[in-house]
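A.B. asks: Got a predicted structure plus its sequence, pasted below:
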Amino acid sequence: DGGITQSPKYLFRKEGQNVTLSCEQNLNHDAMYWYRQDPGQGLRLIYYSQIVNDFQKGDIAEGYSVSREKKESFPLTVTSAQKNPTAFYLCASSDGTATMNTEAFFGQGTRLTVV
Amino acid sequence: AQKVTQAQTEISVVEKEDVTLDCVYETRDTTYYLFWYKQPPSGELVFLIRRNSFDEQNEISGRYSWNFQKSTSSFNFTITASQVVDSAVYFCALSEVGTGNQFYFGTGTSLTVIP
């Protein structure tokens, strides 16, 4: 089945450690996104990529890094510089072009907890 | 400035009542897209509808209907004869073709349908 797969579903990290969240899609979409969700704050954009080997910072990129070496994959690294990383992370993709955009398809999310 | 505003943080209704979720957006683009998503307790966002800026026709899908009014920059969502399964957080989102197809989400409305 086509879709977006995020792993792991739950992740625990010790303070000071980097951790990488996986996001894979087989929808052949060019655009991919990472969002962070905190209670009562909706979804905030961390990074997005419109094409392989290119990505842009979103509203809250500090303390995060990404790569887009393959069309199917857009991993997110939460670094030790992120002061408050405990949150729910959602990955999405869409089939946008310069003149139109489709809906975003979302993965099931990764819940990261710093212990 | 917030591009998408969902002023209703939480709504509770009794089963079979109708309920309208409000969404107000802000954009200078002439070509944009509006979306509604449902987020059940499992966390994954489920796509409900996509509407482009050139199509102001209202849409009905079963118990769901959407009212798009460019004059008031609103894209409201009505659930008729609500059911317990409708309990979820609902997000309205905006995507502007002119800004690289980013998705801007509102803060969400948490709907509780009481049996």
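C.D. replies: Received, thanks. Numbers count the residues shown, from 1 in each chain, chains lettered A, B, ... in the order given.
A.B. asks: Contact partners for residue 7?
C.D. replies: Unless you meant another one, I'm taking chain A. A:S7 makes contact with A:21-22, A:110 under the criterion Cβ atoms under 8 Å, 6 or more residues apart in numbering or on different chains. (Glycine included, C-beta is placed from N, CA and C.)
A.B. asks: meant chain B, my bad for not saying
C.D. replies: B:22, B:24.
A.B. asks: Surely A:W34 is in a helix?
C.D. replies: No: with DSSP: H, G, I helix; E, B strand; the rest coil as the criterion, A:W34 is assigned strand and is not in a helix.
A.B. asks: Bridging across strands, which residues link to it?
C.D. replies: Taking DSSP bridges as the rule, A:W34 bridges to A:Y47, A:C91.
A.B. asks: Wait, it touches A:Y47, no?
C.D. replies: Yes: judged on Cβ atoms under 8 Å, A:W34 makes contact with A:Y47 at a distance of 5.1 Å.
A.B. asks: list the residues that contact both of those two?
C.D. replies: A:58, A:64, A:66, A:76.
A.B. asks: What is the end-to-end distance of stretch B:97-106?
C.D. replies: 18 Å (Cα to Cα, to the nearest Å).
A.B. asks: what's the spacing between it and its chain's center?
C.D. replies: Distance, stretch centre to chain centre, for stretch B:97-106: 15 Å (Cα atoms, centre = their mean, to the nearest Å).
A.B. asks: which residues sit against that stretch?
C.D. replies: Stretch B:97-106 has contacts (Cβ under 8 Å, 6+ apart) with A:31, A:33, A:35, A:42-43, A:45, A:48, A:50, A:56, A:58, A:92, A:94, A:96, A:98-101, A:104, B:2-6, B:23, B:29, B:31-33, B:35, B:91-96.
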